[in-house]
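[1] sharing a sequence plus its predicted fold:
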Amino acid sequence: MKKSIVVAGVGGQGVITAANIIAKAALKDGYNVVMSELHGMAQRGGNVECNVRIGNVYSPIVASYSADAIISFEPLEALRNLKKVKKEGIVLTDINPIIPPLISLGIGKYPPLNEIFDSIAKHCKLVKINADDLARKAGNILTKNIVMIGCLHALKILPIKKESYIETIKETFPEKYVEMNIRAFEIGEEEISTLFFK
Amino acid sequence: MELLGKGKKVLLGNEAIARGALEADVDVVTTYPGTPSSEIADSISRVAIYLKKNGEVPFYFQYSTNEKVALEFAAASAYCGLRALTCMKHVGLNVASDALMTYAYVGCKGGHVIVTADDPSCHSSQNEQDNRLYAKFSSLPMLEPSSPQEAKDMTIEAFEISERLEIPIILRTTTRVSHARGVVELNELNMKKKKGKFDKGKLAVTVPEVARKLHPILLEKLDKAEKISEESKFNFVEDFGGKYGIITSGVSYNYVKEAVEDLNLKCKIFKIGMSYPLPIKKLKKFLDECEKVIVIEELEPFIEEQIRNIADIEVYGKGFAKLKRYYEYDMDIVYYSLAKFFGVDYEIDDKEIEVAPRPPVLCPGCPHRATYYAVKQVAPKDTIYPTDIGCYTLGLLPPYETADFLLCMGSSIGTACGFSYATNQKVISFIGDSTFYHAGLPALVNAVHHDHNFVLIILDNSTTAMTGHQPHPGNAVDGMGNEAIAMDMEKVVKGIGVKHVEVIDPRKINEAKEAIKRALEYKGLSVIISKAPCILLERKKKERKIYEVNQEKCKKCKICITKFACPAFYFDNDAIKINPALCTGCGVCPQVCPFDAIEVVK
Ligand SMILES: Cc1ncc(C[n+]2csc(CCOP(=O)(O)OP(=O)(O)O)c2C)c(N)n1
Ligand code: SF4
Ligand code: SF4
């Protein structure tokens, strides 16, 4: 068994934390895990990409057209990574754009959202969610990364058990934030079930 | 504390090295931070601070002023019999290389592991030099892990090898090993505090006569190292049938493994973990069993050249298929190149999806932005801006464009001396506080001594921000959380003999502009210390105010976006707004707005 996902977003959105939670949960279920993350500059606002791979894997990064899914916290970042996902794979993306600051200065262009979504839908299966709204519903926009994990779980892309995610969430956050993050996970889960499995 | 835990954990390659050092009961750890090496020492620092709360810390840790000092501190400790670990990024070893080359002659008694974290593809570096060449250059043995588990195992083994040979050893990682996470099995921790002893009377003062004696001794040790390499469990062969050979090391091994499985390749893999000196006998035997061989290694043909020296069969490597001497390898490159070597069909798609870039920018509220804004308001257009390495290098980007020239840490001041001589243009040079202590001081002495005519702006944000906010000599605490003596930047600069020195708070834009004007008018060397903490440190401390644009007063001149460019600003259709989630309340933008349209919320 080999499963790979790409977790993408913008610095400050909790992408690396999310990828780590997925990796740790996979280990709890007894899977081999390899993942990559690019740490670089302390500043916020750059694009961030983590690869998480479980099962019979060695490489910390994915080959083109090989990931089972992309979990993107921002639409443009889903597009940036599109080449990594399989034709029969899934792109799960949040729909709230974050405009790169250089675009305000006239450098580069942020394509219309429907163009982004069309390109993705042409390539593979597209699942759009408003994770910002869902995170606010859970109690804080900062829980967006956990909402995304809840969605990922409900999409049944990885064979990781819900309890293992919950355990890892408990180990990751200070006690006072645990409940809110579990709520975020479940709100994400629910969103996908109502979208697909009604 | 996860790093002190038990059982199996998912660890970062760098954390695995730190854990390995702790399992090997390391006594002294030194570093100067640098991506992708920083988390090794940062983890050790956290462990020290954590253990301090419960009593004695069984090792000593230091963020040294630079890599050379870090290496020298650890070399002295290892010479006295303590176990030492020194970590740095690849270019850090250039700084430490003067010490390294002769330290190899002198050697050590306690094991000393020198970690160099290389950065193929320059993810966060000024070059992508291959530090495996330093092993050959210095005649020191080297290990090269492929995964976090190996990173831990090799760190422990490296201490043993170093002690057996009585010379330091290099552990070379790359970004994709240091910043990969994987499952690591944790073993016993048995840490004890020790003291060493200096044995007098040995050959350790490297005057020419002594150096001449020591060089052949080093080469004898290297012969012994080759025997260790022949027997090392880190140099091993995997046989999947067939007569084609693959020789590989580092992260590339992982790509090879998956390619061999996925493409069903009949081959033998020689995985090299101790890559200097190479296990020549073992390799010869391997080559004897192969019809042809391909070497998969990133950057320089370091292993390949040595294989070419001993092989009678055809050797494939750099220049074949997609194997290049520059940039990191990835799955596509290795799959494609192996498929070609084996005559298997495999297509890759070179087309990239064109998407607007999203480079990192200075944070909202970053004090560097205020300094750059003020400078741009008053400096002549053709001013030359030599810059240095840190968050502030982002001044390169529009709209500031206050970065014209950069070589390495400290080069802002040395090159400013040269530019001020070579041209009649004004020169304003920028350097961060951590960088100033690292490599700026000697160059500033040069500037004072020769009275070079330029403005130096020291961006004193009280931290080493870019690499993760490590403390530096300007801070009153050290990396173990102990009290430290903080340098007084103004006194340091004046003490060196700079006559025109001003300390400014860049968040007061008008005062900053006036000070910069005075410095530009001054004939000779002038220094401005632009002092305001990194906003990420400030944010943790206090409640913040938030600013908003009063839409009635805003005349849409867009100066706040086109000239000042705090990323908290955005266009909402035509209106200019501030994103309250991003605003840090630094209070600089209201001074930039000519119409007083930016106001505190409530
Ligand atoms: C020889 C060398 N060592 C380490 C680094 C990594 N590095 C890049 S910038 C930097 C320090 C940045 O601190 P500072 O000068 O205070 O600027 P800030 O990021 O705080 O603005 C370091 C350690 C390097 N590029 N070269
Ligand atoms: S981390 Fe600090 S110094 Fe670096 S860009 Fe952000 S505010 Fe500026
Ligand atoms: S006060 Fe102005 S300059 Fe400072 S962070 Fe907020 S919007 Fe940016």
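    Yep, it's here. Ligands and ions are numbered 1, 2, ... in the order given.

[2] quick one: residues contacting A:Ser36.
    A:50-51, A:60-61, B:176, B:179-181 (Cβ atoms under 8 Å, 6 or more residues apart in numbering or on different chains). C-beta coordinates here come from the backbone N, C-alpha and C atoms, glycine included.

[3] give the pairing partners of the helix or strand where it lies; include direction for each.
    Per DSSP states H and E, A:Ser36 falls inside strand A:33-37. Strand A:33-37 has the following strand partners under DSSP bridges: strand A:47-55 (antiparallel), strand B:180-186 (antiparallel).

[4] list the buried residues of the longest one.
    Right, the one you point to is strand A:47-55. Buried residues in strand A:47-55, counted by 16 or more other Cβ atoms under 10 Å in any protein chain shown: A:47-54.

[5] output the residues you listed as CSV; include the columns distance to B:Ile246 and pLDDT.
    Formatted as CSV, the buried residues of strand A:47-55 follow (distance: Cβ to Cβ, whole Å; pLDDT from 0 to 100):
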residue, distance to B:Ile246, pLDDT
A:Asn47, 34, 92
A:Val48, 33, 93
A:Glu49, 28, 93
A:Cys50, 28, 96
A:Asn51, 23, 97
A:Val52, 27, 98
A:Arg53, 21, 98
A:Ile54, 25, 98
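
[6] thinking again about what came up before, make a ChimeraX selection of the buried ones in the contacts of A:Ser36.
    Selection of the buried residues among these in ChimeraX, burial being defined by 16+ other Cβ under 10 Å:
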select /A:50,51,60,61 /B:176,179,180,181
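
[7] can you tell me which helix in the chain is longest?
    Defaulting to chain A. In chain A, with assignment by DSSP state H, the single longest helix is helix A:175-196.

[8] wrong one, I was asking about chain B
    Longest helix in chain B, counting by DSSP H: helix B:208-231.

[9] name the helices or strands packed onto that one?
    helix B:90-106, helix B:148-165, strand B:274-276, helix B:280-288 (3 or more Cβ pairs under 8 Å, 6 or more residues apart in numbering or on different chains; DSSP states H and E).

[10] pick the most deeply packed of those.
    Highest mean neighbour count of those: strand B:274-276, a mean of 26 (counted as mean count of other Cβ atoms under 10 Å in any protein chain shown).

[11] follow-up on the earlier one: out of the strands paired with strand A:33-37, which is closest to ligand 1?
    strand A:47-55 (18.7 Å; Cβ to the nearest ligand atom).

[12] and the helix or strand just after that closest one with strand A:47-55, angle?
    Sequence-wise, the next helix or strand downstream of strand A:47-55 (DSSP H and E) is strand A:67-72. Direction vectors for strand A:67-72 and strand A:47-55, defined by axes from the mean of the first three to the mean of the last three Cα atoms, to 10 degrees, enclose an angle of 150 degrees.

[13] so after strand A:67-72, what's the next helix or strand?
    Using DSSP H and E, the helix or strand that follows strand A:67-72 in sequence is helix A:75-80.

[14] for A:Thr168, see how far away A:Lys24 is.
    Separation of A:Lys24 from A:Thr168 (Cβ to Cβ, to the nearest Å) stands at 5 Å.

[15] ugh, wrong one, I meant B:Tyr329
    Computed as Cβ to Cβ, the B:Tyr329 to A:Thr168 distance reads 32 Å.

[16] returning to what we had before: mind putting the helices and strands packed on helix B:208-231 into TSV with mean pLDDT and distance to A:Leu155?
    Putting the helices and strands packed on helix B:208-231 into TSV (pLDDT from 0 to 100; distance: least, Cβ to Cβ, whole Å) gives the following:
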stretch	mean pLDDT	distance to A:Leu155
helix B:90-106	98	40
helix B:148-165	98	28
strand B:274-276	98	42
helix B:280-288	98	46
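
[17] could I get the ones you listed in CSV, plus columns for distance to B:Gly7?
    Shown next, in CSV, are the helices and strands packed on helix B:208-231 (distance: least, Cβ to Cβ, whole Å):
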stretch, distance to B:Gly7
helix B:90-106, 33
helix B:148-165, 13
strand B:274-276, 28
helix B:280-288, 34
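
[18] looking at chain A, what residue ends up closest to ligand 3?
    Closest point on chain A to ligand 3, by Cβ to the nearest ligand atom, is A:Pro101, at 11.2 Å.

[19] the stretch 401-550 of chain B too?
    Per Cβ to the nearest ligand atom, B:Tyr547 is where the stretch 401-550 of chain B lies closest to ligand 3, at 4.2 Å.

[20] neighbours of that residue, just the number please.
    A count of neighbours around B:Tyr547, defined by other Cβ atoms under 10 Å in any protein chain shown, yields 23.

[21] any figure for the gap between B:Asn424 and chain A?
    According to Cβ to the nearest Cβ, to the nearest Å, B:Asn424 stands 31 Å off from chain A.

[22] and the pLDDT at that residue?
    As predicted, B:Asn424 sits at a pLDDT of 97.

[23] contacts only, for the closest residue to B:Thr383 other than its chain neighbours.
    Of all residues not flanking B:Thr383 in the chain, B:Lys426 sits nearest, at 4.4 Å (Cβ to Cβ, 6 or more residues apart in numbering or on different chains). B:Lys426 sits next to B:379-380, B:382-384, B:454-455, B:520 when contact means Cβ under 8 Å, 6+ apart.

[24] strands - which of these land there?
    B:Val455 (DSSP state E).

[25] domain-wise, how is chain B divided?
    Structural domains assigned to chain B are B:2-231, B:236-342, B:367-538, B:543-600, following automatic domain parsing.

[26] can you pull up the most central residue in chain A?
    A:Ile71 (3.1 Å; Cα atoms, centre = their mean).

[27] that residue contacts A:Ser4, correct?
    No - look at A:Ile71 against A:Ser4 with Cβ atoms under 8 Å: they stay out of range, at 11.6 Å.

[28] neighbour count winner among B:Tyr329 and A:Thr168?
    Higher neighbour count among B:Tyr329 and A:Thr168: B:Tyr329, with 26 against 22, using other Cβ under 10 Å.

[29] averaged over its residues, which helix or strand of the chain has the lowest pLDDT?
    Since no chain was named, I'll use chain A. helix A:101-104 (a mean of 84; mean pLDDT, DSSP states H and E).

[30] my question was about chain B, not that one.
    helix B:535-541 (a mean of 80).
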